[in-house]
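1. Here's my sequence, what's the structure:
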Amino acid sequence: MGNKRVPMTDGRRPIWVLVAALVLAAATFGCTGLSGFIETQQESTPSVSEVTQEAGEVVPTITLAPEETEPEATAEGSGAPQLEAGSLAALYDQTNPGVVSIRVYVQQGGMTGQGAGSGFVLDQEGHIVTNNHVVAEAEVVTVIFFNGFEVEAETVGTDADSDLAVVRVDEVPEGVVPLPLAESSVVEAGDWVVAIGNPFSLGGSMSLGIVSAVGRAIPSGATPFRIPRAIQTDAAINPGNSGGPLLNLDGEVVGVNAQIASQTGTNTGVGFAIPSDVVRRVVPALIEEGAYPWPWLGVSGTSVNLLIQQANDLSIQRGAYIAQVVEGGPAEEAGLQGATGTETVLGADVPIGGDVVVEADGQPIADFTDLLAYVAFRQPGDTVELTVLRDGEQQQVTVELAVRPENLGQ
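-> Now for the predicted structure:
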């Protein structure tokens with residue numbers, strides 16, 4: 001079966017022969033901490049990308065699929081599940097048949113190379129979820145199931161903004177089980193998670209950890225936009241794990257492993273997974289239409305911190321500060337205002353004069369990440385009523401969201 005050609009959208013080089021080279025190729029796109037005229041955070045407040053760059057680049061990986069385990073009885077007063085001997089083995093036996101290894105073949109300059117990744121089976125029709133960066137440049141994609149059976153796959157849809165992709169195989173071997181999607185909105189820091197995948201081409205590898213944090217906004221890697229509500233985990237995720245599932249102890253997919261923060265290109269205890277709530281929205285559209293229409297507000301900015309508060313004489317230290325609005329975009333058409341200048345505070349140039357969004361449809365907006373997530377989980381054409389602070393006065397601004405334009409700011 002032929003593989004559909006996926007257009008290159010981010011200028012990355014193809015993935016070459018050794019899995020280790022995948023890390024080098026992935027590192028070339030780094031983090032898009034401040035891209036002009038988009039929904040992203042500016043440098044005034046450290047973002048996920050900025051924090052991780054201090055510790056090393058955020059490196060897209062071929063991710064590891066986490067595993068599920070049955071909840072165990074908790075020790076009195078502990079509030080945490082106890083992992084008994086054999087429970088993780090049972091979880092592995094339950095979920096590993098739904099995890100696949102992915103092999104991609106790419107060409108550059110007349111040469112052919114190979115790369116490795118992971119994925120998980122979504123349904124009995126042969127749809128498999130993985131990362132966009134695993135298959136985006138592939139000439140040929142093959143899927144290797146838990147029993148070693150390998151078959152060529154067709155890429156049916158990709159979304160660079162969420163770093164998700166769906167491939168499909170015509171034949172699903174006996175014993176393969178689709179993995180159910182959990183609701184990532186109920187995932188909390190401290191929850192146990194497992195990853196099963198193909199690190200360093202070692203298919204069927206499992207790692208255990210906890211959710212380190214939720215609600216991160218991570219770079220897509222291929223576009224200026226960020227992926228909202230990402231899950232941070234210390235479960236080991238390494239090159240070859242990208243696209244595999246992050247699982248709760250019930251064997252449900254809470255996220256798709258996608259990135260690590262690393263100075264060396266290998267796991268140092270900080271990994272990131274695309275939340276299953278994003279998968280629920282994007283993947284059905286990829287299967288039906290081959291693409292997903294993300295909603296767009298058309299702003300860039302930062303969270304209100306002490307410097308923003310002082311420079312703008314704000315009475316509160318919360319909200320999403322609007323530094324720039326896109327010309328002709330939804331925010332400008334609605335009358336949202338960006339910064340009008342800068343003021344030096346403690347040696348730093350701080351934007352002044354921009355609107356501060358403190359509520360969206362009556363829901364509090366704590367920071368810029370909150371605003372990005374709220375918009376991302378709407379639909380193009382939806383109207384959003386924003387409560388903003390402007391010149392010390394509270395105002396209501398109604399915005400009609402549009403579809404994200406392609407190649408914005410690139």
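
2. Can you show me the helices along the stretch 251-400 of the chain?
-> Counting by DSSP state H, counting those that start in this stretch, residue ranges of the helices within the stretch 251-400 of the chain are 276-289, 306-311, 330-334, 368-376.

3. Same list (those helices) but as CSV, adding mean neighbour count, distance to Trp296 and mean pLDDT.
-> Bear in mind the C-beta positions are built from the backbone N, C-alpha and C, glycine included. CSV is the format used below for those (neighbours: other C-beta atoms under 10 Å; distance: least, C-beta to C-beta, whole Å; pLDDT from 0 to 100):
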stretch, mean neighbour count, distance to Trp296, mean pLDDT
helix 276-289, 19, 15, 98
helix 306-311, 19, 24, 97
helix 330-334, 20, 6, 98
helix 368-376, 24, 8, 96
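
4. Is it possible to get a markdown table of those helices that adds distance to Ala138?
-> Output for these, formatted as a markdown table (distance: least, C-beta to C-beta, whole Å):
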| stretch | distance to Ala138 |
| --- | --- |
| helix 276-289 | 16 |
| helix 306-311 | 43 |
| helix 330-334 | 35 |
| helix 368-376 | 27 |
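
5. just checking, Ser205 touches Asn198?
-> Yes. Using C-beta atoms under 8 Å, Ser205 makes contact with Asn198 at a distance of 7.0 Å.

6. Mind checking which of these two has more residues around it?
-> Asn198 (31 against 23; other C-beta atoms under 10 Å).

7. Now do the same contact list for the more buried one.
-> By C-beta atoms under 8 Å, 6 or more residues apart in numbering, the contact set of Asn198 is 62, 64, 101-102, 116-118, 204-205, 240-241, 244.

8. Looks to me like Gln94 is in a helix.
-> Yes. Assignment of Gln94 by DSSP: H, G, I helix; E, B strand; the rest coil places it within a helix.

9. what is Ala230 paired to in the beta sheet?
-> Beta-bridge partners recorded for Ala230 (DSSP bridges): Arg216.

10. Now do the contacts for it.
-> Contact analysis of Ala230 by C-beta under 8 Å, 6+ apart lists 48, 215-218, 255, 258, 272-275.

11. let's see it at 10 Å
-> 48, 163, 184, 213-219, 255-256, 258-259, 272-275, 278, 373 (C-beta atoms under 10 Å, 6 or more residues apart in numbering).

12. Same question for Gly243.
-> By C-beta under 10 Å, 6+ apart, the contact list for Gly243 reads 60-65, 99-102, 117-120, 128-135, 163-165, 167, 197-198, 256-258, 274.

13. can you tell me which of those are in helices?
-> Within those, residues falling in helices by DSSP state H are 132-135.

14. Correct me if wrong: Gln259 contacts Ile237.
-> Yes. The pair Gln259 / Ile237 is scored as a contact, 8.1 Å apart, by C-beta atoms under 10 Å.

15. ok, those two, which is more surrounded?
-> Higher neighbour count among Gln259 and Ile237: Ile237, with 36 against 33, using other C-beta under 10 Å.

16. beta partners for the nearest residue to that one once chain neighbours are set aside?
-> Nearest non-adjacent residue to Ile237, counting by C-beta to C-beta, 6 or more residues apart in numbering: Gly271, 3.7 Å away. For Gly271, the beta-bridge partners under DSSP bridges are Thr233, Ile260.

17. wait, Gly271 sits on Ile260?
-> Yes. Between Gly271 and Ile260 a contact is recorded at 4.9 Å, counting by C-beta under 10 Å.

18. What ranges in this structure fall below the confidence cut-off?
-> Applying pLDDT under 70 to the chain picks out residues 1-85, 407-410.

19. For Asp367, see how far away the most centrally placed residue in it is.
-> By C-alpha atoms, centre = their mean, the mean C-alpha position of the chain lies nearest to Ile274, the distance being 3.7 Å. Using C-beta to C-beta, to the nearest Å, Ile274 is found at 20 Å from Asp367.

20. got it, and Pro284?
-> Between Pro284 and Asp367 the computed distance is 30 Å (C-beta to C-beta).

21. Could you do Gln108 as well?
-> Here the criterion is C-beta to C-beta. By it, Gln108 lies 41 Å from Asp367.

22. Same check on Ala323?
-> Ala323 is 14 Å from Asp367, by C-beta to C-beta.

23. okay, Gln108 and Asp367: which has more neighbours?
-> Asp367 (20 against 12).

24. count of neighbours near the residue nearest to that one when sequence neighbours are not counted?
-> Excluding the flanking residues, the one nearest Asp367 by C-beta to C-beta, 6+ apart is Ser303, at 3.6 Å. Neighbours of Ser303 under the rule other C-beta under 10 Å: 24.

25. Can you name the residues bridging to Ser303?
-> Counting by DSSP bridges, Ser303 forms beta bridges with Ala320.

26. biggest separation within the ones in helices among the contacts of Gly243, which pair?
-> Using C-beta to C-beta, the pair of the ones in helices among the contacts of Gly243 lying farthest apart is His133 and Val135, separated by 8.0 Å.

27. Which residues are in contact with each of these two?
-> Joint contacts of His133 and Val135 (C-beta under 10 Å, 6+ apart) are 15, 115, 117, 158, 165, 243.

28. Look up how far Leu286 lies from Val172.
-> For Val172, the distance to Leu286 equals 18 Å [C-beta to C-beta].

29. And Ala320, by the same measure?
-> 29 Å.

30. cool, and Gly244?
-> 17 Å.

31. and if you look at Ile231?
-> 20 Å.

32. same thing with Asp161?
-> 12 Å.

33. hey, what's in contact with both of these two?
-> With C-beta under 10 Å, 6+ apart, Asp161 and Leu286 have common neighbours 132, 292.

34. Okay, buried residues for stretch 325-345 please.
-> Buried positions in stretch 325-345, judged by neighbour count with 16 or more other C-beta atoms under 10 Å: 325-326, 329-332, 334, 336-339, 345.

35. Stretch 98-109: which residues count as buried?
-> Buried-residue list, stretch 98-109, by 16+ other C-beta under 10 Å: 98-106.

36. Can you lay out those as JSON lines showing distance to Pro405?
-> Below are the buried residues of stretch 98-109 laid out as JSON lines (distance: C-beta to C-beta, whole Å):
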{"residue": "Gly98", "distance to Pro405": "36"}
{"residue": "Val99", "distance to Pro405": "36"}
{"residue": "Val100", "distance to Pro405": "34"}
{"residue": "Ser101", "distance to Pro405": "36"}
{"residue": "Ile102", "distance to Pro405": "30"}
{"residue": "Arg103", "distance to Pro405": "34"}
{"residue": "Val104", "distance to Pro405": "29"}
{"residue": "Tyr105", "distance to Pro405": "32"}
{"residue": "Val106", "distance to Pro405": "28"}
